[in-house]
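Visitor: structure of the sequence below:
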Amino acid sequence: MLTNLQDRALLGLYIVAFLLMGGFVAVYNYLAFRLVAAPYLLPAWAVGLVFLAYLAGTVSAPRAGVLAARHSRYAVLVASVLVMLAGLLATLTGPLWLVLLGLVVMTAGFFGAHAVASGWAGARAVTARAQSTGLYNLAYYGGSSLLGWAGGLALEARGWTGVVGFVAVAILLSLVVLRLLVGRAGVA
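Guide: Residues are numbered from 1 along each chain as shown. Predicted structure coming up:
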């Protein structure tokens with residue numbers, strides 16, 4: 001495992017997993033509070049349907065894999081993260097249909113990024129591939145737990161705009177990590 005943690009690109013992929021999954025979970029944890037409040041006033045059963053947006057991942061994940069094989073993992077990962085950011089920002093808009101479309105786009109970007117990064121974490125490892133995948137999953141679920149919870153502090157402080165700002169920072173940090181640790185490791 002130490003070999004994997006000393007590899008800059010792998011370390012970067014683990015950090016990216018932490019940041020992106022944490023932001024993704026924060027959005028899904030707290031968007032419901034926005035949707036049940038004015039101006040939307042959606043009933044709980046309708047808010048539960050927003051999880052159908054996960055279906056976007058069934059399209060984006062395999063497509064990201066095909067694109068990564070054709071182009072480069074790094075390019076597709078960065079593009080997927082940018083799609084995630086664009087979708088997130090669309091949730092700041094007023095019309096409900098645009099908020100929901102933003103959620104679908106953000107979800108597609110996230111699952112595209114996750115598909116590439118998780119596969120890359122195992123493939124890049126020279127030794128202890130299973131442990132590399134385990135470290136990726138540890139970071140992934142650690143981000144889910146910690147940032148998914150911390151997004152609630154942003155909601156409490158600034159409402160939905162605070163959550164979007166919090167998640168946007170996580171996404172932008174992941175782009176910095178990709179550039180500094182993954183891209184500079186000569187794998188771009």
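Visitor: now the helix or strand hosting T3 - C-alpha only, PDB.
Guide: T3 is part of helix 2-6, with elements assigned from DSSP states H and E. Extracted C-alpha coordinates of helix 2-6, given in PDB (Å, rounded to 0.1, in the frame of the first residue of the first chain):
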ATOM      1  CA  LEU A   2       2.900   2.400   0.700                       C
ATOM      2  CA  THR A   3       4.000   2.000  -2.900                       C
ATOM      3  CA  ASN A   4       0.600   3.200  -4.000                       C
ATOM      4  CA  LEU A   5       0.500   6.100  -1.600                       C
ATOM      5  CA  GLN A   6       3.900   7.200  -2.800                       C
END
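Visitor: packing partners for it?
Guide: In terms of contacts (3 or more C-beta pairs under 8 Å, 6 or more residues apart in numbering; DSSP states H and E), helix 2-6 is packed against helix 129-177. In this view, the C-beta of every residue, glycine as well, is placed from N, C-alpha and C.
Visitor: elements contacting the helix it packs on?
Guide: Where contact means 3+ C-beta pairs under 8 Å, 6+ apart, helix 129-177 is packed against helix 2-6, helix 8-36, helix 73-90, helix 96-124.
Visitor: mind listing what's buried along the last one?
Guide: Right, the one you point to is helix 96-124. Across helix 96-124, burial judged by 16 or more other C-beta atoms under 10 Å covers 99-122, 124.
Visitor: what average pLDDT does that helix get?
Guide: Across helix 96-124, pLDDT averages out at 97.
Visitor: output the contacting helices and strands for it.
Guide: helix 8-36, helix 55-70, helix 73-90, helix 129-177.
Visitor: just name the most buried of those helices.
Guide: By mean neighbour count, with neighbours taken as mean count of other C-beta atoms under 10 Å, helix 8-36 ranks first of these at a mean of 23.
Visitor: just the buried residues of the helix or strand following that helix, please?
Guide: Downstream of helix 8-36, the next assigned helix or strand under DSSP H and E is helix 44-48. For helix 44-48, a neighbour-count test (16+ other C-beta under 10 Å) marks V47 as buried.
Visitor: what's the pLDDT at R184?
Guide: Value listed for R184 in the pLDDT field: 70.
Visitor: okay, now it: neighbour count?
Guide: 13 (other C-beta atoms under 10 Å).
Visitor: give me the distance between it and W120.
Guide: R184 sits 16 Å away from W120, taking C-beta to C-beta, to the nearest Å as the criterion.
Visitor: cool, and L52?
Guide: To W120, L52 is 28 Å away according to C-beta to C-beta.
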